[in-house]
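> sharing a sequence plus its predicted fold:
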Amino acid sequence: MDKAELTLRRLRQNPAIRELVREHRVSPDQLIQPHFVVEGLAAREPVPGLTGVYRENQETLLRQIEADLKVGASKILLFGVPAEKKLKNFDPSFTANQIAAIRKRFGADVFISVDVCLCSSTAHGQCGILNEEGDHLENGATVAELVRAAVAYAQAGADCVAPSDMMDGRIGAIRTALDKQGLERTLLMSYSAKFHSRFYGPFRVAADSAPKGSIALKDRATYQIDPGTPRDAFESSLRDAEEGADILMVKPGLPYLDILSKLSAEIPKPWAVYEVSGEFAAIELLAREGLMQGPAAHVEAWTSFVRAGASMIITYGARFAREWIEQCQK
Ligand code: PBG
């Protein structure tokens, strides 16, 4: 072989040297597993598109967490889905009770973060309180409800509350309320760069949270960030950091890697990325059709998040990570 031919490829020639020169690798420690717990379910139900993910009841949730702990998936993001759908005066107690049950059963073995939003509680599926005409969400009234929920979840034992609603000013309001209640150790993770995305499809089935009914507001475009406006993600993340968010987030992941890469370089905070339901399901569907190696594709996606600056990844595959990474990171 002529000399000029083997230059960069010398460092790619076998697993040992590839491991030694690798700059970015993903570890199961960095992953957070979402869980859906639904009030009044007799038996758990698989979520279409999300392999290995279920709408759980309290009993099956605890059993699933126990199984996950055995494979090293000890960090969770909880989504509570209460039975009663309302327009205001929401009751956070169903989700708070699940948090308390997890804490009671597992103590400090599980890191509990919990999504704070109203979309699973509202009759119309929007993330907050509608005005009379039904054409927009009332910011202040919504924030007041979010604050009540966040405090209830923190009091029930959550390590971290994570508002995903995209109202203005909710981070500052939640931080102030937590501190006032003596909950200054509770972490606050902001979905600070959450885009108005089509990739949330399977989630909305799981969380029963798709916008519905005959109201004027048909989607979430008036509060989530437009895919073509990265400046808004930057401003929103800076603002949330200033208001006291401990962790910032980009969501979805793969279609917004440029955002993650730039924001994490410019705003010195821990960055989370949410590999959302549609992204995860896309890989699963391709794999099921025999068109892709699922585990290797998942690890490739996670590695791209780490490369782009995420220190933590929320993914439906966290419980499979140890096995998949072992299998693929060679
Ligand atoms: C709630 C919320 C959503 C997701 C997390 N929290 C969906 C939405 O905004 O409709 C999406 C997560 C996923 O798709 O996996 N507001």
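Looks like it arrived, so ask away.
> strands along the stretch 51-200 of the chain, start to end?
Chain-ordered strands for the stretch 51-200 of the chain, with DSSP state E, counting those that start in this stretch as the definition, fall at 54-56, 75-81, 111-116, 160-163, 187-194.
> in its sheet, what does the third one sit against?
Its sheet considered, strand 111-116 pairs with strand 75-81 (parallel), strand 160-163 (parallel) by DSSP bridges.
> name the residues that touch it?
Where contact means C-beta atoms under 8 Å, 6 or more residues apart in numbering, the residues beyond strand 111-116 that reach it are 32, 74-80, 95, 99, 102-103, 146, 149-150, 153, 157-165, 174, 187, 189. Glycine gets a C-beta too; all of them are placed from N, C-alpha and C.
> in it, what counts as buried?
In terms of neighbour count (16 or more other C-beta atoms under 10 Å), strand 111-116 has its buried residues at 112-116.
> then it to PDB, C-alphas only?
What follows is the C-alpha trace of strand 111-116 in PDB, where atoms were taken according to Å, rounded to 0.1, in the frame of the first residue of the first chain:
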ATOM      1  CA  PHE A 111     -33.500  10.300  41.000                       C
ATOM      2  CA  ILE A 112     -37.100  11.600  40.400                       C
ATOM      3  CA  SER A 113     -37.700  14.400  38.000                       C
ATOM      4  CA  VAL A 114     -41.200  15.300  37.100                       C
ATOM      5  CA  ASP A 115     -42.800  17.100  34.200                       C
ATOM      6  CA  VAL A 116     -44.800  20.100  35.200                       C
END
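> tell me if it is near the ligand.
Yes: Strand 111-116 reaches the ligand (C-beta under 6 Å from any ligand atom) through residue 115.
> now render the strands paired with strand 111-116 as JSON lines, adding distance to residue 58.
Rendered in JSON lines, the data for those read as follows (distance: least, C-beta to C-beta, whole Å):
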{"stretch": "strand 75-81", "distance to residue 58": "10"}
{"stretch": "strand 160-163", "distance to residue 58": "20"}
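> need the contact list for residue 31.
Contact partners of residue 31, counting by C-beta under 8 Å, 6+ apart, are 73, 75, 302, 312-315, 317-318, 321.
> from those, pick the one nearest residue 13.
Within the contacts of residue 31, distances to residue 13 taken as C-beta to C-beta reach their minimum at residue 302, with 24.8 Å.
> flag every residue of this protein that's near the ligand.
Residues of the chain found near the ligand (C-beta under 6 Å from any ligand atom) are 115, 117, 119, 127, 164, 200, 203-204, 209, 220, 276-277.
> ok, 8 Å please
Proximity of the chain to the ligand (C-beta under 8 Å from any ligand atom) is limited to residues 34, 79, 115, 117, 119-120, 127, 164-166, 191, 194, 197, 199-204, 206-207, 209-210, 220, 224, 251-252, 274-278, 280, 314, 316.
> what are the buried residues along the helix ranked longest in the chain?
The helix of greatest length in the chain, counted in residues with DSSP state H as the criterion, is given as helix 139-155. Residues of helix 139-155 classed as buried under the neighbour-count rule (16+ other C-beta under 10 Å) are 139, 142-143, 145-155.
> again, but for stretch 63-75
Of the residues in stretch 63-75, 64-65, 68, 72-75 count as buried by neighbour count, 16+ other C-beta under 10 Å.
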